[in-house]
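Chemist: dropping a prediction and its sequence here:
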Amino acid sequence: MMAMSHTSKDRLGNLPPGTVITGKWHGHSYRLLRRLGSGANGVVYLAESGRRRVALKLSDDYASLASEMNILRRFAKVQGAALGPSLLEADDWQSPFARRVVPFYAMEYIEGEQFSAFVRRRGKEWAPVLLMQLLSVLGRLHEEGWVFGDLKPDNLIVTGPPPSVRLLDVGGRRCRGGRSKSLPSCMTAAIGARVAQSRAVVRFVCGGDGDDCRLLSGAAREKREREGATFVHH
């Protein structure tokens, strides 16, 4: 995939709050509230459409946006796994700043607390609870032939109640082997990918080899029972 040029990224990444993005084809309007973040292939804003808040991603890289939207559509078929934000619509915007058409898509805005901040605030006994949830989500992701290619606390958010882990940054997901479509060859190493990512999760959540998680598992279960968090067994 081609990344956005620095010039395009600078333009799209500095749109002032209050800017109205109106789709060329569907005619839906979105008023920008603030920038949420940016990456190699686009910029994401918090926006509102009517009474609804959404996350709006803009980019001049059509191929990257198309790939991300295909992933979101595919994930929508795995209901109950909360793999990522829901895709709402895609359109083009005739930008008065760039003086050209800019593609964008609107997706669900997931409100919550960053993973690391949640664990610091609520206590490290929550780490194994959230870890097991995350492994369940990754398992479903791998069963669909995809790998979350940028697994780190910054790309995880905790929503609720009850506390539940969600994945962010669709651009960090890829098919096994780097392909943009789910092919049979993408499925062959799903189990190995799950093991590798499980170890990565243990390292960044618990530190070291995960001894703290195992020691805290009893306390985590008690916390789960008191506060209603979902603890997934494998």
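Modeler: That came in fine, so what should we check first?
Chemist: low-confidence bits of this structure, can you list those?
Modeler: Low-confidence segments of the chain (pLDDT under 70): 1-10, 77-83, 170-234.
Chemist: how about the helices in it?
Modeler: Taking DSSP state H as the test, the helices found in the chain are 6-12, 62-75, 115-122, 126-143, 190-206, 211-227.
Chemist: which one's the longest strand in the protein?
Modeler: strand 29-39 (DSSP state E).
Chemist: list the buried ones in that one?
Modeler: Buried residues in strand 29-39, counted by 16 or more other CB atoms under 10 Å: 30, 31, 32, 33, 38, 39. (C-beta placed from N, C-alpha, C; glycine too.)
Chemist: is it possible to get JSON lines of those that adds distance to residue 85?
Modeler: Shown next, in JSON lines, are these (distance: CB to CB, whole Å):
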{"residue": "30", "distance to residue 85": "15"}
{"residue": "31", "distance to residue 85": "19"}
{"residue": "32", "distance to residue 85": "17"}
{"residue": "33", "distance to residue 85": "16"}
{"residue": "38", "distance to residue 85": "16"}
{"residue": "39", "distance to residue 85": "15"}
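Chemist: widest-spaced pair of the residues you listed?
Modeler: 31 and 39 (22.6 Å; CB to CB).
Chemist: returning to that earlier point: and the longest strand of the chain, which strands flank it?
Modeler: Neighbouring strands of strand 29-39 in its sheet, by DSSP bridges, are strand 20-22 (antiparallel), strand 42-49 (antiparallel).
Chemist: comparing the ones you listed, which comes out most buried?
Modeler: strand 42-49 (a mean of 22; mean count of other CB atoms under 10 Å).
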